[in-house]
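Undergrad: Sequence and predicted model, in that order:
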Amino acid sequence: MQVQAISTQPIAGQRPGTSGLRAKVKVFQQPHYLANFVQSVFDVIGDISGQTLVLGGDGRYFNREAIQIIIKMAAANGFAKVLVGQAGILSTPAASCVIRKYDAFGGLILSASHNPAGPDEDFGIKYNISNGGPAPEQVTEAMFKRTSEITAYNIVEADDVNLDEIGQFNMGDMQVQVIDAVADYAALMQDIFDFDAIRGLLEQDFSFTFDAMHAVTGPYAKVILEDMLGAPKGTVMNGEPKDDFGGGHPDPNLTYAHELVDILYGDDAPDFGAASDGDGDRNMILGNHFFVTPSDSLAVMAANATLVPAYKDGIAGVARSMPTSGAADRVAEALGINCFETPTGWKFFGNLMDAGKVTLCGEESFGTGSDHVREKDGLWAVLFWLNILAVRQESVEGVLADHWAKFGRNFYSRHDYEAVDSAAATQVLQNVRDQFDSLKGQTLAGRVVQMCDDFAYTDPIDGSVSTNQGVRVLFEDGSRIIFRLSGTGTSGATIRIYLESYEADVSQHGLDAQVALAGMIDAANQISKLPELTGRDKPTVIT
Ligand code: VG1
Ligand code: CO
């Protein structure tokens, strides 16, 4: 088979962000754009000859074309085998599961997660290493450096592979195996959770709706929830994956998953509602007229982990991203287990899980997961909650009320300002930085500022250092205001403001978070001058 070396030139801006390289589809369709990046990945990840690569994506527009290109490049670069999900589909957690199960060298996942899809929307690609997790920063930086030096890429001349039939093909010396996208992942879920208990719950007077938002989780949710666990057909809504996600924004939060939110807050609301995102790694958990913040969800999981068979002997520890609330820390303290605070992005949890230091990890951005894979995992989180509810026989609200009574409540909210002018966004953070010294000791919203900094992290396992991971204003009573710029957007900048305050008094636990945090919100606007600089008087998304 003919290997062609196609000459090319570096393309600017191919630096992976929080979760891989993301750009508009039109950018990815430019000549050599995808191939340059893929070759740069292959050039820096080590000796790939004779190795296995896992490949799949969230099914968004351009997924199939990208997969065909990557298979031909994998063959030209010496991989022995590509494991590709049927129809080119693998959710992010399923890809992580397959990499681990079949001892693959790594995997390429084609997704821009919750970003909208379609010819004029977003595409993305990320590389996961042999532990199944996102490539660490040193590796993504090496990829980026390589993109700036590249002069040629290798690709074989071959017919496209039939991705729709499970089976094996040869492409030159390389084997292409098209695998069932769901089976391995579903088997793993069955190993972790008490499916009998969940089946029992679903047979009771318990109603449940799962919103797949026309994204990748549809097929997974139908097999696991409806076929294996016996939830009534139709439990999974928007379960047909579409290459434009039905024109929606598959981000499971109170704004973008409004169809589900309306059902859970409507008349005759179900007992439980959940949603996942474009690539299946996020989750939103709702009860009847009740929203569980992702930070609280992590804490509840940690506190109830022993109810789940896989964690019945207890968990080694928890890790949370820095902006995630400290609710899980309180559980860790009570249980006497490890607790870590990492920068935003799942790649920072990998070393801790590999070293056995933590079992559960979570981010405020609707991401929770465990060491069963090395990605956050949407359906896993839903099954975790169903397992808890099945054992405890309580409502979602009841579980939270009990949790807060025991540990206190960390009021929490994130305010996102999307598509803001980049210079203005940078200035918003700089304004706060400029006041690091003067803010100290000042009283804002009735609380005294204890310290301010740019969050930096030293990985406790490999000693690598990550700086500039968010501007923090920390108060003496443990409250926090954090400012960060998103690393996943593709147009303008997104400013995220994270707000947290702790309340021990049970009589206050019923308060709405926006009300409880109102003073902090005003303080954030005042010190950053966000309204003046951006011209915005309210966030695009509040969670
Ligand atoms: C966002 C979230 C972060 C998450 C990342 C990838 O990043 O805040 O917690 O890990 O998305 O999630 P940023 O840089 O935009 O804040 V996913 O589901 O898009 O892979
Ligand atoms: Co995602």
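TA: That came through fine. Ligands and ions are numbered 1, 2, ... in the order given.

Undergrad: Find me the pLDDT at His32, would you?
TA: For His32, the model assigns a pLDDT of 97.

Undergrad: Please give me every residue in contact with the nearest residue to it once chain neighbours are set aside.
TA: Excluding its sequence neighbours, the residue lying closest to His32 (CB to CB, 6 or more residues apart in numbering) is Thr8, at 4.5 Å. Every residue, glycine included, has its C-beta placed from N, CA and C. Contact analysis of Thr8 by CB atoms under 8 Å, 6 or more residues apart in numbering lists 32, 35-36, 150-153.

Undergrad: try it again with 6 Å
TA: Residues near Thr8 by CB atoms under 6 Å, 6 or more residues apart in numbering: 32, 36, 153.

Undergrad: again, but for Gly478
TA: Tyr502.

Undergrad: so where does it fall, helix or strand?
TA: For Gly478, there is no helix or strand it lies in under DSSP states H and E.

Undergrad: With Val82 instead?
TA: Assigning secondary structure by DSSP H and E places Val82 in strand 81-89.

Undergrad: Let me see the mean pLDDT of that strand.
TA: For strand 81-89, mean pLDDT rounds to 97.

Undergrad: So which bits of the stretch 1-150 of the chain are right by ligand 1?
TA: The stretch 1-150 of the chain comes close to ligand 1 at residues 18-19, 113-114, as judged by CB under 6 Å from any ligand atom.

Undergrad: The stretch 201-350 of the chain too?
TA: Proximity of the stretch 201-350 of the chain to ligand 1, by CB under 6 Å from any ligand atom, involves residues 277, 281-282, 321, 344-346.

Undergrad: For the host helix or strand of Ile70, which helices and strands make contact with it?
TA: Using DSSP H and E, Ile70 sits in helix 63-76. With contacts taken as 3 or more CB pairs under 6 Å, 6 or more residues apart in numbering; DSSP states H and E, helix 63-76 sits against helix 33-44, strand 52-57, strand 81-89, strand 106-110, strand 152-156.

Undergrad: what's the closest of the contacts of Thr8 to Val300?
TA: Of all those, Asn36 has the smallest distance to Val300: 44.3 Å, by CB to CB.

Undergrad: Got the confidence number for the closest one?
TA: pLDDT for Asn36: 98.

Undergrad: gap between Ile388 and Gln39?
TA: In this view, Ile388 and Gln39 are 46 Å apart by CB to CB, to the nearest Å.

Undergrad: With neighbour numbers in mind, choose between these two.
TA: More crowded of Ile388 and Gln39, by other CB atoms under 10 Å: Gln39, with 24 against 21.

Undergrad: beta partners of the closest residue to the more buried one other than its chain neighbours?
TA: Excluding its sequence neighbours, the residue lying closest to Gln39 (CB to CB, 6+ apart) is Tyr153, at 3.6 Å. Beta-bridge pairing of Tyr153 under DSSP bridges involves Ile6.

Undergrad: so what's Tyr153 up against?
TA: Neighbouring residues of Tyr153 by CB under 6 Å, 6+ apart: 6, 8, 35, 39.

Undergrad: Could you rerun that using 10 Å?
TA: 4-8, 32, 34-40, 42-43, 69, 73, 76-77 (CB atoms under 10 Å, 6 or more residues apart in numbering).

Undergrad: Kindly report the same for Tyr102.
TA: Contacts of Tyr102 (CB under 10 Å, 6+ apart): 52, 54, 81, 83, 177, 179, 184.

Undergrad: go again using 8 Å as the cut-off
TA: Going by CB under 8 Å, 6+ apart, Tyr102 touches 52, 54, 83.

Undergrad: same check, this time on Gln435
TA: Counting by CB under 8 Å, 6+ apart, Gln435 touches 452, 527.

Undergrad: what are the phi and psi angles of it?
TA: Phi and psi for Gln435, reported as degrees, to the nearest 10, are phi -110, psi 10.

Undergrad: so what's the backbone phi/psi at the spatially closest residue to Ala12 that is not a sequence neighbour?
TA: For Ala12, ignoring the flanking residues on the chain, the nearest one in space by CB to CB, 6+ apart is Ser148 at 7.9 Å. Dihedral pair for Ser148: phi -90, psi 0, per degrees, to the nearest 10.

Undergrad: neighbours around Ser148, how many?
TA: Ser148: 13 surrounding residues under other CB under 10 Å.

Undergrad: List the strands paired with the strand holding Val82, with their directions.
TA: strand 52-57 (parallel), strand 174-179 (parallel).

Undergrad: Which helix or strand lies directly C-terminal to that strand?
TA: helix 92-101.

Undergrad: Taking strand 174-179 as reference, get the angle to that following helix.
TA: Helix 92-101 runs at 130 degrees relative to strand 174-179, counting by axes from the mean of the first three to the mean of the last three CA atoms, to 10 degrees.

Undergrad: Could the C-alpha coordinates of helix 92-101 be exported in CSV?
TA: C-alpha atoms of helix 92-101 as CSV (Å, rounded to 0.1, in the frame of the first residue of the first chain):
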residue,chain,number,x,y,z
THR,A,92,-15.7,10.1,25.7
PRO,A,93,-16.1,7.8,28.7
ALA,A,94,-16.6,4.8,26.4
ALA,A,95,-13.4,5.6,24.5
SER,A,96,-11.6,5.8,27.8
CYS,A,97,-13.1,2.4,28.8
VAL,A,98,-12.0,0.8,25.4
ILE,A,99,-8.5,2.2,25.6
ARG,A,100,-8.0,0.6,29.1
LYS,A,101,-9.8,-2.7,28.3
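
Undergrad: from the middle of its chain, how far away would the strand holding Val82 be?
TA: Put simply, strand 81-89 sits 21 Å off its chain's centre (CA atoms, centre = their mean, to the nearest Å).

Undergrad: cool, and stretch 90-102?
TA: Put simply, stretch 90-102 sits 15 Å off its chain's centre (CA atoms, centre = their mean).

Undergrad: Name the residues of it that are buried.
TA: Residues 90-101 are the ones in stretch 90-102 that count as buried (16 or more other CB atoms under 10 Å).

Undergrad: phi, psi of Gly350?
TA: phi -60, psi -50.

Undergrad: what about the residue lying closest to it once chain neighbours are set aside, how many neighbours?
TA: Using CB to CB, 6+ apart and skipping the chain neighbours, the partner closest in space to Gly350 is Gly133 (3.8 Å). Around Gly133 sit 24 other residues, with neighbours defined as other CB under 10 Å.

Undergrad: With that, I have no additional questions.
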